[in-house]
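Enquirer: Okay, sequence plus prediction incoming.
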Protein chains: 2
Amino acid sequence: MYKRKIYLEDKPRLEARDEILAASRLNPEKEYLFAADALGRVTAEPIFARVSMPHYHASAMDGIAVYAETTYNAHEQHPLHLKRGGQFCYVDTGNAIPSPFNAVIMIEHVQVIDEDTIEIIEPATPWQHIRPIGEDIVQEEMLFPQGHVLRPADLGVLLAAQQTVIPVVKKPVVTIIPTGNELVDAASELASGNIIEFNGTVFAGFVKEWGGEPKLRAIVKDEPDRIKEALLEAAETSDIIVINAGSSAGSKDYTVHIIAEIGEVFTHGVAARPGKPVILGKINEKMVVGVPGYPVSAYLALEWFVRPLVCKYLGIPVPERQKVTVKLGRRIVSSMGAEDFVRMNIGYVNGQFVANPLTRAAGVTMSYVRADGLLIVPPNMIGYEQGDTAEVELLRPLEEIEKAIVFSGSHDMTIDLLSSELKRVRNDLKIVSSHVGSMAGIMAIRKGEAHVAGIHLLDPSTKQYNISYVRKIVAGLDIVLYPFLKRKQGWILPKGNPLEIEAAADLVRTNANFVNRQKGAGTRILFDLLLEEAGLSEEDINGYDREMFSHLAVAAEVKGDTHGAGLGIYPAAMAMDLEFVPVADEEYDLLMTRSFYESESGRLLISMIQSARFKEQVEKIGGYQVVENAEPKLLAEEVTE
Amino acid sequence: MYKRKIYLEDKPRLEARDEILAASRLNPEKEYLFAADALGRVTAEPIFARVSMPHYHASAMDGIAVYAETTYNAHEQHPLHLKRGGQFCYVDTGNAIPSPFNAVIMIEHVQVIDEDTIEIIEPATPWQHIRPIGEDIVQEEMLFPQGHVLRPADLGVLLAAQQTVIPVVKKPVVTIIPTGNELVDAASELASGNIIEFNGTVFAGFVKEWGGEPKLRAIVKDEPDRIKEALLEAAETSDIIVINAGSSAGSKDYTVHIIAEIGEVFTHGVAARPGKPVILGKINEKMVVGVPGYPVSAYLALEWFVRPLVCKYLGIPVPERQKVTVKLGRRIVSSMGAEDFVRMNIGYVNGQFVANPLTRAAGVTMSYVRADGLLIVPPNMIGYEQGDTAEVELLRPLEEIEKAIVFSGSHDMTIDLLSSELKRVRNDLKIVSSHVGSMAGIMAIRKGEAHVAGIHLLDPSTKQYNISYVRKIVAGLDIVLYPFLKRKQGWILPKGNPLEIEAAADLVRTNANFVNRQKGAGTRILFDLLLEEAGLSEEDINGYDREMFSHLAVAAEVKGDTHGAGLGIYPAAMAMDLEFVPVADEEYDLLMTRSFYESESGRLLISMIQSARFKEQVEKIGGYQVVENAEPKLLAEEVTE
């Protein structure tokens, strides 16, 4: 029905944004709210005070009101008596000063003689201790211009000035249309090929945070008529329309053709990644943004184009993110001619911010959720070298990043547990971990990019874990190697072990679909040792090149495949309800810098590990033993020997 | 009934906070929410993935699924034909890969031969273009620890992992009890002595922003039994209680005695200003914070003590404010032994942040609303000298401060109008003005603390406005003096001019209550000239020392007093419905640095002033005339002559 259009534009992102902003005929409506209900809302008009505060001359103290001129003769040597009524009256803080009185004397400086008489020994100066009319707010003064976002204290000012009902900008209605035949609700029983629709909920959350009113529609099937109908309906009932997926240039990507047919398309494709295949257009003067299906692309596109539209409607500037300058732990390659939005982990180690890229796959939602910031590589750059400094936009508060314990090395699920326990005890601390494998973990310590690394590297010659690697790789550094866990490694196999795998040779015999770990992972080194001992080589193993980055990922792979096999830890097999055939008891140690080991966070971490509560939780998982009363295996002096 | 306790403690603020946090037995409850409704809520437990994402091996491309091993012979020279069904099947992005296929070839690399046959010229590698099970989320992995504040993208992850209903921490209920006989509702007809209750609404706003659930009670009279009843009821129904006012040590400050009677008092008075007279205690294990009545004291005390309690309940750290280093434009005096929280205006002028204190009166709400930041003078310091640098906690985003046009000098209501117009056209720009008078405005330009100053200084010798002052005070600086307005100055008098004031001599004749402007204000200089011309001196004028900082404030004062009189501009008299007797037509000019005049903001400001829309609005006020087609009166070269 619709022709396939192979190429997308490569329009500069900001040009595309300015175009749609200029083309938008957003027509902000006003609504009237009680001031008390207007928190976070945007004033639609300048707001002026209806009364002054104070609206009368008010006493600023508890005391007596007097006419200053009558007190001028008071002196310590010549106390002055004043008569109640004509010469003074009692006032409390906030009371009105009755005419013609024009000064207040604090009660502490007043001697009561009798019911109607007081004595003072000091004259009052006119207007002393009086809050004059309008000291705080003057009637008719402008309290707030239009376009002001109301904060808690602002509501107080509105009430004090008797602006109890105020005009605010209506929240722009943003209709969100998820499309796709493969989409199902999160509560559904999942079948192979079903994709849970969750982008819509994320979009709604963003729109809410930005000050709009999201309307999330039910999933629309990938049929041109249904899509057209949904768009036309949304154009009637909303200010901005977001349509999810179908924004690319494939055979089933109808959206751009439909918008062109019933409206106008300004842009199809921007020179920015991920998020390139975006559609910007309008239908009946309602702005339409078509965003890609992959979550990370979608969230970025939403921020690039929907947020400015929402802010324009509200009449407020788009808030900027806090930025921080970081040292790059790895090289970052980018293509010329397009911006690259790289999700980054940032750690604060040895007094500097060090950032490493997370996966750049647009489909990996967790890379956005786990990111501390975004590195935006401009279109005219091909990237950065390792060690370069660059500016990163923060996705979390800086203080959270500064306080995080940066954990590198081998993945183990007990680290998540440890992080959670730590957060329970000290809610401003957390562990941020990246799963890079044992070898990369040691390197991260060496390069000053992590506080702690979890390692389990078997030395084939000595059959000892970790020590020889640490001695070699971080020689000369002030480090501590702390024994953490003994854990069971073994074959992870489909339930019932249908291929009857007990040893490496069985993988070859059965041509099992092996799932390996990445280079540098302790489990990979163990596997290579098992192959060597069995006289086998990598070519003999079907799937040797299929690398996963965690034990759970290996187990998940095996789970999906009756001919699958992997090597990993006991709890990963248990979590996925798989068979486990033990192979080795390995030592999973923590390598850390001495300065971290001795820091407050380091000491807390160790005490947490040694706590009965944590040990109990870990051992309940199975296949683990926390090392009791551990003492460092290695300290700096030994390493430097 | 209750004894008067004269002295408050001077307990260090942080010590008092840590004490109440340690004593608090907050008992956070859990509630279960749909993930889609959990934005901004705090997880009550670690949350694990129930399914992997993808939960099947998914195609990452549109194309065909193949078994990689069958494609190894494909070559440009030897194209390979594959048969549909056994050797390949078509897949779209997101489709499941049917067993035993293990690779995807992009549709662009496939040549269709017939319905059931395709041709390829390149082999596929195993697992290419496949998103393996768990690529994004692995079943059983920890998605979030407890104590995690859920952001939009987090909701997506919860849904994707089929965690559709999740445990979050219930919002702590914070009951707010306003007390005071003088308090009335904002919608009331105001009588002298009535104070509008607005603190409660502000507190509720803060509590909401911090993640609690505020319950704002009706106003409670200042009677011990009523207060006791309200506290006991709140202790039954809430987690935290805030009682407003009565926290000091006066004869009617019952609160501390009541809390001591029915509960326990930990602290009464902290060494911090404003906000010193605070009460910290508990009733039936519910924490009670008694905060002072003056708004600024109250807001600070709330932040010091209630916010940490709310955060502790939620299990999250208290967020920190962004900080910036500023140069101090004025000396700041503080008392030893107590912290001082000084509200500051911050301007970004000539590439540096310059900060000046706002009024330190605890009762002036607008000083908190207008503040850009808080300077916290530690207890062991007696303050700062002018020109010192200091760190300030920001109350607004830094970018907003950076972009603000800092306006100094004489107050005029058209400046608010100009600010509002500017914000309408460019919502990221605004004018921040301080009302310091013409002379201080010129000084601010000289010291590099402002971009623009509004001045109207009459030189008694030349009868010319502004020029001679600018020549003298900013000689040598690169400035521009731009003609802005002609405006009518005159006597501001009660309606009907009952004292029949036409000239300065009439003030003396009638002994009118004169309301003066502060030293350095153009109106003050005009008044002094009028006195001189009439052969009078300041001693002759009743109220000469009663200084106000704006025309509107003068008018507000006159409004309250049938014997009042002031000097000021026509629109101030009109705004307050007062009599106006013209005295002079004065020239209100804008003095600015040349660099600002030539900047984007400066050019925008001038074009705004010259716009028909602005002129019309200004002239509608009355008493004003915008100078048409103005050219600078003075440019740097003339000044430096």
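Expert: Received the coordinates, thanks. Numbers count the residues shown, from 1 in each chain, chains lettered A, B, ... in the order given.
Enquirer: Which residue comes closest to A:V66 once chain neighbours are left out?
Expert: A:F88 (4.9 Å; Cβ to Cβ, 6 or more residues apart in numbering or on different chains). Every residue, glycine included, has its C-beta placed from N, CA and C.
Enquirer: In chain A, where is pLDDT below threshold?
Expert: The model of chain A has pLDDT under 70 over residues A:1-7, A:247, A:249-251, A:636-641.
Enquirer: next one: phi and psi at A:N244?
Expert: Main-chain torsions, A:N244, degrees, to the nearest 10: phi -100, psi 130.
Enquirer: does A:A362 count as helix, strand or coil?
Expert: coil (DSSP: H, G, I helix; E, B strand; the rest coil).
Enquirer: list the contacts for it?
Expert: A:A362 makes contact with A:273-275, A:292, A:294-297 under the criterion Cβ atoms under 8 Å, 6 or more residues apart in numbering or on different chains.
Enquirer: A:I621 now?
Expert: Here A:I621 is in contact with A:413-414, A:571, A:574 (Cβ under 8 Å, 6+ apart).
Enquirer: quick one: which of those residues is nearest B:Y56?
Expert: Comparing the contacts of A:I621 against B:Y56 with Cβ to Cβ places A:M574 closest, at 21.7 Å.
Enquirer: The nearest residue to A:K486 once chain neighbours are set aside is in what secondary structure piece?
Expert: Of all residues not flanking A:K486 in the chain, A:Q625 sits nearest, at 4.5 Å (Cβ to Cβ, 6+ apart). Per DSSP states H and E: A:Q625 is located in strand A:624-626.
Enquirer: partner strands of that strand, parallel or antiparallel?
Expert: Strand partners for strand A:624-626, identified by DSSP bridges, are recorded as strand A:479-493 (antiparallel).
Enquirer: Identify each buried residue in stretch A:190-207, please.
Expert: Neighbour counts using 16 or more other Cβ atoms under 10 Å in any protein chain shown place A:193-207 of stretch A:190-207 among the buried residues.
Enquirer: Could you do stretch A:152-169 as well?
Expert: Across stretch A:152-169, burial judged by 16+ other Cβ under 10 Å covers A:152-164, A:166-169.
Enquirer: for the closest residue to A:V104 other than its chain neighbours, what are its contacts?
Expert: Nearest non-adjacent residue to A:V104, counting by Cβ to Cβ, 6+ apart: A:H129, 3.7 Å away. Neighbour list for A:H129: A:59-61, A:63, A:103-106 [criterion: Cβ under 8 Å, 6+ apart].
Enquirer: Just give me the closest of those to B:L375.
Expert: Using Cβ to Cβ, these come closest to B:L375 at A:A60, 23.8 Å.
Enquirer: OK, contacts around that closest one?
Expert: Neighbouring residues of A:A60 by Cβ under 8 Å, 6+ apart: A:93, A:104, A:129-131, B:363.
Enquirer: which pair in the residues you listed spans the largest distance?
Expert: A:V104 and B:G363 (13.9 Å).
Enquirer: how about the strands in the stretch 1-150 of chain A?
Expert: Ranges of strands in the stretch 1-150 of chain A, per DSSP state E, counting those that start in this stretch, are A:30-34, A:47-48, A:58-59, A:63-66, A:80-83, A:88-91, A:103-106, A:111-114, A:117-120, A:130-131, A:142-144.
Enquirer: Could I get these in a markdown table, plus columns for mean neighbour count?
Expert: Formatted as a markdown table, those follow (neighbours: other Cβ atoms under 10 Å in any protein chain shown):
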| stretch | mean neighbour count |
| --- | --- |
| strand A:30-34 | 13 |
| strand A:47-48 | 20 |
| strand A:58-59 | 25 |
| strand A:63-66 | 25 |
| strand A:80-83 | 16 |
| strand A:88-91 | 20 |
| strand A:103-106 | 23 |
| strand A:111-114 | 11 |
| strand A:117-120 | 18 |
| strand A:130-131 | 22 |
| strand A:142-144 | 20 |
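Enquirer: That's all I had, so thanks and see you.
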